[in-house]
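Novice: Just the structure for this:
(one chain, ligands or ions: 3)
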Amino acid sequence: MATAAQQLVRMLDELGRVSDEPGKLTRTFLSPSMRRANAQVAQWMRAAGLAVREDAVGSLIGRLEGETPGAKTLLLGSHLDSVRDAGRFDGPLGVLLPIVALGELKRRGVVLPFAIEVLGFSEEEGVRFASAYLGSKGYAGKLRPTDLRFHDAKGVSVHDVLRDFGNGKFSPPAAAHRSRDLLGYIEVHIEQGPVLENKNLAVGVVSAIAGQSRFKLTWIGKAGHAGTTPMALRRDALAAAAEFAMGIEAIARRTKGLVATIGAMTVAPGAANVIPGEVAHTLDVRHADDRVRRRALVAIGRLATQIAARRNVSRAWQRTQENGAVACSPALTAQLARSVKAIQGKSLSLVSGAGHDGVVISELTPVAMLFVRCREGLSHHPDEYASPADLEVALRVIIDFLERLARSSRQPSS
Ligand code: HGY
Ligand code: MN
Ligand code: MN
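Specialist: Numbers count the residues shown, from 1 in each chain. Ligands and ions are numbered 1, 2, ... in the order given. Below is the predicted model:
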């Protein structure tokens, strides 16, 4: 097993070098590096005995038929895109680990009764287009016309990008499978938080994935001369945005479990001697309880209204993502926890503050997640790290899970 874990580490390192930016890992939706990543992962999938296809949204699907004709399919996957200047584990771990696990079972001569699809979703982070989960939405048949209308920084729409990616036309695909043909979805992912490290555990299971709301907010004031415009006469869009940023931080700090983030901002016209006339920024608000998140959004909306009135600026909201909290399947999670206990001796259940493709796939089939400890809980950062020893534990858990599922599937009652 150590060899398989070492192989996984090598694959993660290699894929972590496939980037759109030299010296850092940035791999966004349908970018040149994403195509190179798909080619590399497809090669690894084929070596593990999977038949590989790429769907109309650019997601990679590696399929292994089951020994039992017409058997249902178990899905295992995650995303292959990244944030800017990312770590190499967020996403690829959940795609490469199942490939290595299946390669190991093949090496041992183990044949599974059910079919497997390993999924490498083309877009989860929502970096290029504000809307996230485009890959898993495409696979689950959940892409909506509103998703296709989002534009990137160059004004290119999701629809046009997908039309050019395909053979000159694109329409949202139907779901890749009917729910009744699926056994469930397992996503292996680094925790991206400090809990497992604090509990000194290599892996844990996930009870629920926090809900999240994302917006693009634009403040419109009036550009003007930085040297001649008195402070009292200014309609400074950046000052309004800055006051708003401090205000949402205060709201999040006083609301237990709430997180609110402004991650990207543009300032126009963008000159040192011009008062900013227009500022656009993102807003990401999350909480495990949808009621708390919704109450916070009301308070945040009220704050924006007050700032706009006081500073005589206007503001425009565009909602770019809205996902309620998703409970993982208790039954599938219990099965996964059984394997965690068998390998690690004990299991731990935790809530995910990060969003995952399982949010979308949960509309198609029951989902369960295996979290892997990551150093200092750090993620969305180049120093993101999961140790080879912890990766080996996760690999053994997934292999144990597959072998148990195979045994239970072969029992006459099933
Ligand atoms: O933003 C998230 O929670 C995830 O990394 N996409
Ligand atoms: Mn991420
Ligand atoms: Mn992720």
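Novice: what's the closest non-adjacent residue to Leu364?
Specialist: Distances taken as CB to CB, 6 or more residues apart in numbering place Ala140 nearest to Leu364, at 4.5 Å, with adjacent residues excluded. C-betas here are computed from N, CA, C, even on glycine.
Novice: wait, isn't the one you found in contact with Val359?
Specialist: No - counting by CB atoms under 8 Å, Ala140 does not reach Val359; the two are 10.2 Å apart.
Novice: Show me what the helix or strand Ala296 falls within is packed against.
Specialist: Element membership of Ala296 [criterion: DSSP states H and E] is helix 290-311. Contacting helix 290-311 under the criterion 3 or more CB pairs under 8 Å, 6 or more residues apart in numbering; DSSP states H and E are the following elements: strand 211-220, helix 237-253, strand 278-287, strand 314-323.
Novice: Is ligand 1 within reach of it?
Specialist: No - using CB under 6 Å from any ligand atom, helix 290-311 never reaches ligand 1; the gap is at least 13.7 Å.
Novice: and that helix with strand 314-323, angle?
Specialist: 170 degrees (axes from the mean of the first three to the mean of the last three CA atoms, to 10 degrees).
Novice: quick one: buried residues of stretch 151-162?
Specialist: For stretch 151-162, burial by neighbour count (16 or more other CB atoms under 10 Å) applies to Asp152, Val158, His159, Val161, Leu162.
Novice: distance of the first one from Val360?
Specialist: To tie it back to what came earlier, the one meant is Asp152. Between Asp152 and Val360 the computed distance is 21 Å (CB to CB, to the nearest Å).
Novice: And the pLDDT for Ser314?
Specialist: On the pLDDT scale, Ser314 is placed at 98.
Novice: Number of residues surrounding it?
Specialist: If you count neighbours by other CB atoms under 10 Å, Ser314 ends up with 14.
Novice: pretty sure it contacts Lys222?
Specialist: No - taking contacts as CB under 8 Å, Ser314 lies outside contact range of Lys222: 10.4 Å.
Novice: Sketch out the helices for this protein, chain order is fine.
Specialist: Applying DSSP state H to the chain gives helices spanning 2-15, 32-47, 92-107, 134-140, 145-148, 158-165, 195-199, 237-253, 290-311, 330-344, 358-361, 388-410.
Novice: if you compare the ones you listed, which one is most tucked away?
Specialist: Burial of the helices of the chain is given as mean neighbour count (mean count of other CB atoms under 10 Å); helix 134-140 ranks first at a mean of 28.
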